[in-house]
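Enquirer: Fold the following and give me the result.
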Amino acid sequence: MDTTGSINNEACVDAIENEINEEEIIDDSEERELVTDSCSTKVLDSSELPVDRYRVVYILFYLFGITSLVPWNFLITANDYWMYKFRDVTPKNLTILEDPPQKSQFQAEFTSYLNVATAIPNLIFLILNSLYGHLVSLKSRLQGSLIVVTLAFLVTTALVQVDTDEWQNTFFIITMVTVVIMTAASAVFIGGLVGIASRFSKEYMAAVVAGQSLGGIIAAIAQIISLAFKISPLHSALIYFIIADVMVISSLVSYAMLYKIDFFTHHILRGCGGMATNRHREVSMLLILKKIWVYAFSIFAVFGISMAVYPGITVLVESQNKASGTDWNTIFFVPVVNYLIFNCGDYSGRLVAGFFLIPENKWIIAGSSVLRIIGVPMLMLCNARPRHRLPVVFAADWEYIAIMLAFAFTNGYLTNIVMINATRKVEMHEREKASSVLATLLAVGLTAGAAVGMLLVRLL
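Expert: Numbering: from 1, shown residues only. Presented below is the predicted three-dimensional model:
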């Protein structure tokens, strides 16, 4: 046994305990675990503040942001794969002249079901994480959730090469169960990640938020590259599912390495500005809600409105010249416009918001969030197929792209505006709980939007 290391670890713990106000009862189990893993003189010496050398922690926060939405981004982007898996395999009478094949019921509704399978467990486990997450150490929660996501995604990856034509219903059920498990684990990861980011300066929270959007761009580019090389839907899905596996595993290893970085451990132990005890003050949920309820409503509105049509409705929009049979119209239109352009617009909005932070008035932010509802009927009136009730008003491709860009940019812009401004309205020791509230209301918006989206698909 390494007695020297044991003595040093105990000395580190004692040094921290001596600095704590004896009148306060503090739950420092998480700090004890962290210090046991990494005892640094820089962490304990408040006169010497560690720096984020080479921006390693900032870059890793970006990676964690990307990973937090890997299941969502990579599953919805694999649209061609799902369309192939759920195609109509019923033998056709070739002697009868028929119209071009229409989407099967599974093909038309799968994305909406996928929205629900991600939104509901995401909401439930964000709430559970907020209420009971303290019963499990932060390190165990984040590492455990990443392991679960990895295992579930490996199952999804393995099923790519399995012939499921004869048991599409069973494959659908297995897929939904796997998605629920992945989403639940991702929610635990997101809840912990947002809590960690709130202890750092605002740029680290922005890195997490921007990383989530960047993940969608990476997934879309991976799909487009696969399509450009004329890879089959099965092999295409296999490629970017493997990419997703690599990203999750990389995050798992990187998170373990963070505990060896002085800059990271300093902020976890001390909190921003050396306010260690502040993080342990009793935090009133009602008081926080009074301070940020307008922002919480805004984030709910932003994602509820977006999820109502994206991607359930937008994935059904086809190019006006699809009958021409060009690669752009038949192969690249949906991946480029629905996924790449949307995620680029969303990412651009988040980046621009980080520079301007306008508006700052909470009521203008809330009003702008609600105003985005205009985009819902506009996208429904684009060339989505199949449709039986509503007319097509915006038939041209450029009209759909313009609407999509505006819708995506405002989604990203308002998301960052809300997240940054809301955390400025609470005390330092309240930021972690405030971030948890925002994440939960975001999940409520996703769930409500997904439910509405299933109805809107049937109204087309």
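Enquirer: check contacts around the spatially most central residue of the chain.
Expert: Residue closest to the average C-alpha location in the chain (Cα atoms, centre = their mean): L69, at 3.4 Å. L69 sits next to S186, Q212, G215, G216 when contact means Cβ atoms under 8 Å, 6 or more residues apart in numbering. All C-beta spots, glycine's among them, are computed from the backbone N, C-alpha and C.
Enquirer: count of neighbours near the nearest residue to the third one once chain neighbours are set aside?
Expert: Translated: G215. With Cβ to Cβ, 6 or more residues apart in numbering as the criterion, G215 has its nearest non-adjacent residue at 3.8 Å, and that residue is I66. Residues contacting I66 under the criterion other Cβ atoms under 10 Å number 25.
Enquirer: can you check W363 too?
Expert: Number of residues near W363 (other Cβ under 10 Å) recorded here: 10.
Enquirer: To which secondary structure element is it assigned?
Expert: Taking DSSP states H and E as the definition, W363 sits inside helix 362-371.
Enquirer: can you check I288 too?
Expert: Element membership of I288, judged by DSSP H and E, is helix 285-309.
Enquirer: what ranges of the stretch 1-150 of the chain fall below the confidence cut-off?
Expert: Along the stretch 1-150 of the chain, segments meeting pLDDT under 70 span 1-48, 91-101.
Enquirer: okay, the contacts of L69 in JSON lines with pLDDT, neighbour count and secondary structure next?
Expert: As requested, those are exported to JSON lines (pLDDT from 0 to 100; neighbours: other Cβ atoms under 10 Å; DSSP: H, G, I helix; E, B strand; the rest coil):
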{"residue": "S186", "pLDDT": "93", "neighbour count": "28", "secondary structure": "helix"}
{"residue": "Q212", "pLDDT": "88", "neighbour count": "27", "secondary structure": "helix"}
{"residue": "G215", "pLDDT": "87", "neighbour count": "26", "secondary structure": "helix"}
{"residue": "G216", "pLDDT": "86", "neighbour count": "25", "secondary structure": "helix"}
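Enquirer: Could you take the residues you listed and lay them out as CSV, with extra columns for distance to P386?
Expert: Formatted as CSV, the contacts of L69 follow (distance: Cβ to Cβ, whole Å):
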residue, distance to P386
S186, 32
Q212, 32
G215, 30
G216, 26
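Enquirer: Show the model's pLDDT score for the closest residue in space to N338 that isn't next to it in sequence.
Expert: Nearest residue to N338 in three dimensions, chain neighbours excluded: T314, at 5.1 Å (Cβ to Cβ, 6+ apart). On pLDDT, T314 comes in at 94.
Enquirer: Please apply the same query to V160.
Expert: On the pLDDT scale, V160 gets 92.
Enquirer: follow-up on the earlier one: how far out from the middle of the chain is the helix or strand just after the helix holding I288?
Expert: Next along the chain after helix 285-309, taking DSSP H and E as the criterion, comes helix 327. From the chain centre to the centre of helix 327 is a distance of 31 Å (Cα atoms, centre = their mean, to the nearest Å).
Enquirer: List the contacts of the residue nearest to G215.
Expert: Shown in contact with I66 (Cβ under 8 Å, 6+ apart): G211, Q212, L214, G215, I218, M247.
Enquirer: One more: F303?
Expert: Applying Cβ under 8 Å, 6+ apart, we find F303 in contact with N411, T415, L442, G445, L446, G449.
Enquirer: Now do the same for the third one: helix, strand or coil?
Expert: Going back to what we said before, that points to L442. Here L442 is recorded as helix under DSSP: H, G, I helix; E, B strand; the rest coil.
Enquirer: when you give positions from now on, start the count at 449
Expert: Sure, I'll start counting at 449 from here, so that last one is L890.
Enquirer: Neighbours of it, how many?
Expert: Residue crowding around L890 was assessed by other Cβ under 10 Å; the count is 24.
Enquirer: Quick check, it in contact with S746.
Expert: No - the pair L890 / S746 is not scored as a contact, 10.1 Å apart, by Cβ atoms under 8 Å.
Enquirer: now, among the contacts of F751, which is nearest to L523?
Expert: For the contacts of F751, the residue nearest L523 by Cβ to Cβ is L894; the value is 14.2 Å.
Enquirer: Now the closest one. Nearest residue, chain neighbours left out?
Expert: Counting by Cβ to Cβ, 6+ apart, the residue nearest L894 is A567, at 4.3 Å.
Enquirer: how much space between the one you found and D845?
Expert: For A567, the distance to D845 equals 29 Å [Cβ to Cβ, to the nearest Å].
Enquirer: And the two? Which one has more around it.
Expert: Neighbour count, other Cβ under 10 Å: between A567 and D845, A567 has more, with 25 against 20.
Enquirer: List the contacts of the more buried one.
Expert: A567 touches M755, A891, L894, T895, G897, A898, A899, counting by Cβ under 8 Å, 6+ apart.
Enquirer: Now the two most distant members of these.
Expert: Using Cβ to Cβ, the two most remote members of the contacts of A567 are A891 and A899, lying 12.8 Å apart.
Enquirer: Looking at these two, which is more packed in?
Expert: A direct count of neighbours by other Cβ under 10 Å for A891 and A899 places A891 higher, at 27 against 17.
Enquirer: Before we move on, what's the pLDDT of the more buried one?
Expert: pLDDT recorded at A891 is 86.
Enquirer: show me the contacts for it.
Expert: Here A891 is in contact with A567, N570, L571, L574, I575, A635 (criterion: Cβ under 8 Å, 6+ apart).
Enquirer: Ok, G797 next?
Expert: A856, F857, T858, N859, G860, Y861, L862, T863, N864.
Enquirer: So which bits of stretch 756-774 are buried?
Expert: Buried residues in stretch 756-774, defined by neighbour count with 16 or more other Cβ atoms under 10 Å: 756-768, 770.
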